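Peer 1: Got a sequence here, can you model it:
(2 chains)
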Amino acid sequence: MMEKAIVLGCSAVGAGLAMIAGIGPGIGEGYAVGKTIESIARQPEAKGDCTRTMFIGVAMAESTGIYAFVVALILMFANPFIGKL
Amino acid sequence: MDGIGQGPKVVFEIGPIRITETVVTGWIIIVAVLFVCLWLTRGLKKIPDKKRQIIAEMFVKFVNGLVKENMGAKLIYYAPYIATLLVFALLGALVSLLGLRSMTADINVTGTWALMTFALITFHKIKANGFGGYLKSFGKPVAFILPLNIVSEIATPASMAFRLFGNVAGGMVITSLLYGALASLSSAIGLSFTAGSWGFSVFQVGIPAVLSVYFDLFSGCIQAYIFSMLTMVNVGTAAEEE
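Peer 2: Numbering: from 1, shown residues only, chains lettered A, B, ... in the order given. Purely as a prediction, here's the structure:
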């Protein structure tokens, strides 16, 4: 019982720590959007192109955050360590 | 609160094959899209006089333009595939608005689509370079970079699958967490009523809709678009290689 409690608690902490990775995509996407707004302000007729490219770039930048999120989900809901006890 | 971390429910079983909610939702979407297509394309005329033909033409033109822009005019025959992917991914995410489980919140679905993209990428690389050239391209620019190239080859479909899955599943988890939090908040203040198995919490009215607009509508549309965009870009660059 004790071991299970320790594993569960540590997994919850780990899931929380994994989500620190959200900082990276946040900063990166902020930069991307800011630069896009700058370029749209400079050249409003290129708005469509800029926005489309930005969305793809933002989606790419987001993948690290998504990986962290998948790790957190696995730790919370499909814990692989419980079975090893 | 229950059911947050669970996978899709098993609806029925045929022998060893388990038919989950995801598959049933997929069937519903397929039938719905089929009937919408039949309805949209009925009685086509050279000079359109009905609104539905204009809508159908707009959609086809949009997809054709997208494919031409990202894959080149030579690969225009991918337009039906891309349109299918786009519509399926879009409706698969938006079906959560009807209270069903999002189809793309299942790693099996997104993984399958990513594997299809991977097969197309490999096919076009082999077609463009020949099989020997395809194997040789792993050792370029220098031979010892081979493991990195293999990893990056596998990472493309994996990241595509996880991106779509993570976005939709993340939205689902966050929305259900919020529902649970609002339910306990209302019961703490005493504003939740239960009648038999039917419960009602005052705070659950309206507040989750704000998140739902972002996670279900916006995220679903954007991710469907991005998935088909990445498919186009990846297959297009694979076909272009010398």
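
Peer 1: burial of residue B:29, as a residue count?
Peer 2: Neighbourhood size, residue B:29 [other Cβ atoms under 10 Å in any protein chain shown]: 19. Every C-beta, even on glycine, is put in place using the N, C-alpha and C of the backbone.

Peer 1: Surely it touches residue B:88?
Peer 2: Yes - contact criterion Cβ atoms under 8 Å: residue B:29 and residue B:88 qualify, at 6.7 Å.

Peer 1: burial count for the residue in chain A that chain B sits nearest to?
Peer 2: Chain A approaches chain B most closely through residue A:77 (2.8 Å), counting by Cβ to the nearest Cβ. When counting by other Cβ under 10 Å, one arrives at 13 neighbours for residue A:77.

Peer 1: Secondary structure element for the nearest residue to residue B:204 once chain neighbours are set aside, which one?
Peer 2: Closest residue in space to residue B:204, ignoring its immediate chain neighbours: residue B:182 at 5.0 Å, by Cβ to Cβ, 6 or more residues apart in numbering or on different chains. Applying DSSP states H and E as the criterion places residue B:182 in helix B:146-189.

Peer 1: same question for that helix, mean pLDDT?
Peer 2: Computed over helix B:146-189, the mean pLDDT rounds to 84.

Peer 1: Residues of chain B that sit close to chain A?
Peer 2: Within chain B, the positions near chain A by Cβ under 8 Å from any Cβ of the partner chain are B:4-6, B:159, B:162-163, B:165-167, B:169-170, B:173, B:222-223, B:225-226, B:229-230, B:233.

Peer 1: I would like a PyMOL command selecting only the buried ones among those, please.
Peer 2: To isolate the buried members of these in PyMOL, using 16 or more other Cβ atoms under 10 Å in any protein chain shown:
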select buried, chain B and resi 4+159+162+163+165+166+167+169+170+173+223+225+226+229+230
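
Peer 1: centroid residue for chain B?
Peer 2: Centrality entry for chain B: nearest residue to the mean C-alpha point is residue B:89, 3.0 Å, by Cα atoms, centre = their mean.

Peer 1: quick one: residue B:59 and residue B:83 touch, right?
Peer 2: Yes - the pair residue B:59 / residue B:83 is scored as a contact, 7.4 Å apart, by Cβ under 8 Å.

Peer 1: quick one, which of those two is more surrounded?
Peer 2: Neighbours per residue (other Cβ under 10 Å) separate residue B:59 from residue B:83, with residue B:83 holding more: 18 against 14.

Peer 1: Please tell me how far the more buried one sits from chain A.
Peer 2: Distance, residue B:83 to chain A, using Cβ to the nearest Cβ, to the nearest Å: 17 Å.

Peer 1: which SSE is residue B:19 in?
Peer 2: Going by DSSP H and E, residue B:19 is in strand B:17-20.

Peer 1: Kindly report the same for residue B:193.
Peer 2: Per DSSP H and E, residue B:193 falls inside strand B:192-195.

Peer 1: Equivalent analysis for residue B:12, please.
Peer 2: Residue B:12 belongs to strand B:10-14, assigned by DSSP H and E.

Peer 1: gap between the lengthiest helix in chain A and the chain center?
Peer 2: What stands out as the longest helix in chain A, according to DSSP state H, is helix A:47-77. Put simply, helix A:47-77 sits 6 Å off its chain's centre (Cα atoms, centre = their mean, to the nearest Å).

Peer 1: re earlier: the residue nearest to residue B:204 against residue B:207, yeah?
Peer 2: Yes - with contact defined as Cβ under 8 Å, residue B:182 reaches residue B:207; the gap is 6.2 Å.

Peer 1: So which of these two has more stuff around it?
Peer 2: The residue with more neighbours, out of residue B:182 and residue B:207, is residue B:182; 18 against 15, by other Cβ under 10 Å.

Peer 1: who's in contact with the residue most central in space within chain A?
Peer 2: Nearest residue to the geometric centre of chain A (Cα atoms, centre = their mean): residue A:65, 1.5 Å. For residue A:65, the contacting residues are A:21, A:22, A:24, A:25, A:26, by Cβ atoms under 8 Å, 6 or more residues apart in numbering or on different chains.

Peer 1: which residue sits closest to it, ignoring its sequence neighbours?
Peer 2: Leaving aside its sequence neighbours, residue A:65 sits nearest to residue A:25 (Cβ to Cβ, 6+ apart; 3.8 Å).

Peer 1: which strands and helices sit next to the helix or strand containing the one you found?
Peer 2: Residue A:25 belongs to helix A:23-42 when assigned by DSSP H and E. With contacts taken as 3 or more Cβ pairs under 8 Å, 6 or more residues apart in numbering or on different chains; DSSP states H and E, helix A:23-42 sits against helix A:47-77.
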